[in-house]
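K.L.:
I would like to see how this sequence folds:
(3 chains)
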Amino acid sequence: MPELPEVETIARQVRARLVGRTIAAVRLHWPGIAARPKGAALARSLVGAAITSVWRRGKFFVIDLTRSGEPAGHLVGHLRMSGRLYIEPSSAHPGPHTRATLALDDGSSLRFVDPRKFGRLWWVADVEEVLGSLGPEPLGSAFTRPWLAAGLRARRRSLKPLLLDQTFVAGLGNIYTDEALHAAGLHPLRSSDSLDPAAAGRLHRAIRRVLQAAIRREGSSFDTFYRTPEGRPGGYQERFLVYGRTGKPCRGCGTAITRLVVAQRGTHICPRCQPRPRGR
DNA sequence: AGCTACTCCTGGTAGC
DNA sequence: TGCTACCAGGAGTAGC
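P.N.:
Next up, the predicted model:
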């Protein structure tokens, strides 16, 4: 499932092929992909616009648009579980799970492919309409150790659901949350307000290191869905410490990795390196 | 405030 | 072999 490193990889790869292009035609193979405005109105908002930049915020990608040099809104997208973006010649046959196609003025097309139909597209005048409630970027300058320590203390939530909460910090999903908690030696059910400054510091460092390392390897292709827009699988799944490693030895201490369910998500821990909090 | 359950979806897979 | 049942989960929502 695309999380921050996967979306970052995707944005980097499609950027070079999109910036400077004009959207010649839009086809919604499955209209439900249009979150706002609905259906054909989304397509109409895009046709004729020029792409000036492509960037990422949390797990969203953003395509900035202009008309005659004037701002013309933004195409915002979320790949959710199984979404992918890639660019191919417009003459190619779209695959069976293609949900949207943006045909460009150079004979290429951007495809939004999404077997599970959870992915969505928005066209908005102001990106804050979609991105406004997101927490800070974990690799950005606002995500400091003191900020995280204070944020953890201000809440009284289990660490895992808090880290998955996009309004707390933007971009972490199930995989990288499990990886970061393991790297920090913290149990996913630890209450956020129970961390001392040293533990908060370990978590801060773990989040940043895990995300940076995953970006360097172009994300993770644990499931069958994710490929970069250039068709390569990511490489970070080979580095997983706990995710999907149930029963295998912890790389740190050799104890078997166990799986539990936290916040309705499969959750992977080393029971020795991540001791369960006392009480509940 | 924060928890759980439910919803949206469908490819992949375990079990028979 | 072929069928069924269930699982995965990001995020929104409802209810406690």
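
K.L.:
so which bits of the helix ranked longest in chain A are buried?
P.N.:
Using DSSP state H, we find that the single longest helix of chain A is helix A:197-216. Across helix A:197-216, burial judged by 16 or more other CB atoms under 10 Å covers A:199-204, A:206-207, A:210-211, A:214-215. The way it works is simple: take the backbone N, C-alpha and C, and place the C-beta from them, glycine included.

K.L.:
again with stretch A:1-19
P.N.:
Result for stretch A:1-19 [16+ other CB under 10 Å]: buried residues A:1-15, A:17-18.

K.L.:
so which bits of chain A are right by DNA strand C?
P.N.:
Counting by CB under 7 Å from any atom of the strand, the residues of chain A close to DNA strand C are A:1, A:3, A:58-59, A:78, A:80-82, A:116, A:118, A:164, A:166, A:173-175, A:264-266.

K.L.:
near DNA strand B, from the residues you listed?
P.N.:
A:81, A:116, A:118, A:264.

K.L.:
tabulate those residues (CSV), appending secondary structure, pLDDT and neighbour count.
P.N.:
Shown next, in CSV, are these (DSSP: H, G, I helix; E, B strand; the rest coil; pLDDT from 0 to 100; neighbours: other CB atoms under 10 Å):
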residue, secondary structure, pLDDT, neighbour count
A:M81, coil, 89, 15
A:R116, coil, 91, 12
A:F118, coil, 93, 14
A:Q264, coil, 89, 7
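
K.L.:
low-confidence regions, chain A specifically.
P.N.:
A:222-225, A:279-280 (pLDDT under 70).

K.L.:
show me the strands in it, by range?
P.N.:
Listed in chain order, the strands of chain A (DSSP state E) span residues A:23-28, A:34-36, A:50-57, A:60-67, A:70-78, A:84-89, A:98-104, A:108-113, A:120-124, A:258-262, A:265-269.

K.L.:
what helices and strands are in contact with the longest one?
P.N.:
With contacts defined as 3 or more CB pairs under 8 Å, 6 or more residues apart in numbering; DSSP states H and E, the secondary structure elements packing on strand A:70-78 are strand A:60-67, strand A:120-124.
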